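Q: I'll drop the sequence and a predicted model, then ask my questions.
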Amino acid sequence: MVEWTARVDNAPPSSPLLLSGLLLDDARSAPSAGWIEIDRGRITRRGSGSPPGRSAAGGPERIIAPGFIDAHVHLPQFPAIGCDAGSLLTWLEQTIFPVEATWADPAEAARAAARGLRRLAGSGTTGFAGFLTSHRHAVEACRNALATLPLRAIAGQAAMDRAAPTDLLGQPVLRPLPAPEPRFEASVNPRFAVACSASLLSSLGGLAGLTGALVHTHLAEQRDECALVARLFPEATSYTDVYDRAGLLGPRTLVAHALHLGPAEWALLAARGVMIAHCPTANLFLESGIFDLAAARRHRIPVLLGSDIAAGADPAMPRVARAMLDSAHARRAMGDAHAHVPTAADAWEMITRTNAHLLGWHDHGRLRPGDAADVLVIRPPGPVDPFLVSRLIYGWEDALLDAVVIDGRLVSPA
Ligand SMILES: [Zn+2]
């Protein structure tokens, strides 16, 4: 894939920025003609009709929408996109760990983090939650890259103490987390139970409990992984119980996948208020399974949507949303009469407002005065009619992006 390049104007704009077009801030309603004013990283005014001055981007034929949020992405794994290597455990060993090992050099880690952010921004993603590598400087590399291209982020050092090459192990992970910043928070990221001893998991649970940081991990992605976890943790009643015993499950916990769960595990996740990151492209690429959206709904478990780069091959969140719809249709087509198939509007809401709100970013998704100025200017892929949102999801190309505004800064294709 060609890397999208971006020009970021780091100088604070001398005057407020006006964007005009069809304001699409509620996918369940028709967009309305209007404008927003942006100043110092915030939406400061919003109006209907023609803008009160010259627009920096947009126009009557353009859509103005909140930026996309990716709830589960591995920033270091972009170079591994499309590199298939069998099951999850083999793929990690043969494809992923060699790529993550390149972050051992702090300068290369910084360059790779910057490239990853550009790939995300190039697909309209303005905020993400995700994993870095296990290196102690990984968080610093990410923060430095964010200083240039300021996506909103919650990211953490991948914590592991076994089942990986030695050069990825032995990194201190139980250190104080950097204090949260307006657009960056460090999270606690146990990679998954296979790669973490019980004592490391407990320590990470303690660290998260002390700091209130987001716990972000993987759960029950593949059947052989689940069988291995059962052997590694014979005292636990289930994979989910492994994390619960370590104090890792709560309302600020986000687990990716959750494909192979027993009834008691669904109930435990619900009782703890845990959130699930559904990653449909990754689940198909690694043949892990098709997520049971209906079960999550039944248990009232919040579901976010993630690209899971590089198990997922596509950073564009509208195409991840499309994969969720395709997977849900497939589940029903294969005989699951209770399968839940979201609407296109539901899917668009998930990749904008819902993902943001569940990550704690309540000032995103509605283009209101006071909201964060993370905004997209989009060329509609067809007529602006009641199928607009569906057309955007099924016909998405990054080339539809006229402009991306991140933290109030206009980022434009070079
Ligand atoms: Zn993942």
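A: In hand now; what should we look at? Numbering: from 1, shown residues only.
Q: Distance from the helix or strand hosting His72 to the middle of the chain?
A: His72 is part of strand 68-74, with elements assigned from DSSP states H and E. Taking Cα atoms, centre = their mean, to the nearest Å, one finds strand 68-74 lying 1 Å from the centre of the chain it belongs to.
Q: mind listing what the closest residue to Ile69 other than its chain neighbours touches?
A: Closest residue to Ile69 apart from its sequence neighbours, by Cβ to Cβ, 6 or more residues apart in numbering: Asn355 at 3.8 Å. The C-beta positions use only the backbone N, C-alpha and C, and glycine is treated the same way. The neighbours of Asn355, taking Cβ atoms under 8 Å, 6 or more residues apart in numbering as the test, are Ile69, Asp70, Ala71, Leu304, Leu305.
Q: Give me the contact list for the one helix or strand Leu210 maps to.
A: Using DSSP H and E, Leu210 sits within helix 198-211. Applying Cβ under 8 Å, 6+ apart, the contact partners of helix 198-211 are 159-161, 173-174, 177, 188, 190, 193, 196, 213-215, 233, 242-243, 245-248, 250, 252-253.
Q: any idea how far Gly395 is from the closest residue to Ala328 other than its chain neighbours?
A: What sits nearest to Ala328 in space, not counting adjacent residues and going by Cβ to Cβ, 6+ apart, is Val341, at 4.3 Å. Taking Cβ to Cβ, to the nearest Å as the measure, Val341 falls 19 Å from Gly395.
Q: Could you do Tyr239 as well?
A: Counting by Cβ to Cβ - Tyr239 and Gly395 are separated by 38 Å.
Q: Look at those two and report which has more neighbours.
A: Neighbour totals were compared for Tyr239 and Gly395, and Tyr239 leads with 27 against 14 (other Cβ atoms under 10 Å).
Q: I'd like to know how many residues surround Asp326.
A: Neighbours of Asp326 (other Cβ under 10 Å): 17.
Q: in the protein, which spans are helices?
A: For the chain, helices defined by DSSP state H occupy the ranges 88-91, 97-101, 106-122, 138-148, 198-211, 223-232, 239-245, 263-272, 280-285, 293-298, 317-333, 344-349, 355-358, 388-394.
Q: May I see the buried residues of the second one?
A: Spelled out, it's helix 97-101. Across helix 97-101, burial judged by 16 or more other Cβ atoms under 10 Å covers Phe97, Val99, Glu100, Ala101.
Q: cool, the fourth one as well?
A: Within helix 138-148, the residues scored as buried using 16+ other Cβ under 10 Å are Ala138, Val139, Glu140, Ala141, Cys142, Arg143, Ala145, Leu146.
Q: near the ion, from those residues?
A: When contact is defined as Cβ under 5 Å from the ion, the buried residues of helix 138-148 do not meet the ion at all.
Q: who in the protein is up against the ion?
A: Counting by Cβ under 5 Å from the ion, the chain sits next to the ion at Ala256, Asp308.
Q: Low-confidence stretches in the chain?
A: The model of the chain has pLDDT under 70 over residues 1-14, 413-414.
Q: how is it carved up into domains?
A: By the assignment in automatic domain parsing, the chain contains the domains 6-66+366-413, 68-358.
Q: what's the most buried one of these?
A: domain 68-358 (a mean of 20; mean count of other Cβ atoms under 10 Å).
Q: Start and end of that domain, how far apart?
A: Using Cα to Cα, to the nearest Å, the gap from the first to the last residue of domain 68-358 comes to 14 Å.
Q: pretty sure Ile81 is touching Asp308, no?
A: No. In this structure, Ile81 is not within contact of Asp308 by Cβ atoms under 8 Å, at 10.8 Å.
Q: Dump stretch 210-227 to CSV, restricted to CA.
A: Once non-C-alpha atoms are left out, stretch 210-227 reads as follows in CSV (Å, rounded to 0.1, in the frame of the first residue of the first chain):
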residue,chain,number,x,y,z
LEU,A,210,-3.8,2.5,41.4
THR,A,211,-3.8,4.7,38.4
GLY,A,212,-7.3,4.2,36.9
ALA,A,213,-5.5,3.7,33.5
LEU,A,214,-7.3,1.8,30.7
VAL,A,215,-6.5,-1.9,30.7
HIS,A,216,-6.2,-3.0,27.1
THR,A,217,-5.6,-6.7,26.2
HIS,A,218,-6.6,-9.6,24.1
LEU,A,219,-9.1,-12.4,25.1
ALA,A,220,-10.0,-15.7,23.5
GLU,A,221,-9.1,-14.9,19.9
GLN,A,222,-8.4,-18.5,18.7
ARG,A,223,-9.2,-22.0,20.1
ASP,A,224,-5.6,-23.2,20.3
GLU,A,225,-4.7,-20.1,22.2
CYS,A,226,-7.6,-20.8,24.7
ALA,A,227,-6.5,-24.4,25.1
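Q: Many thanks, have a good one.
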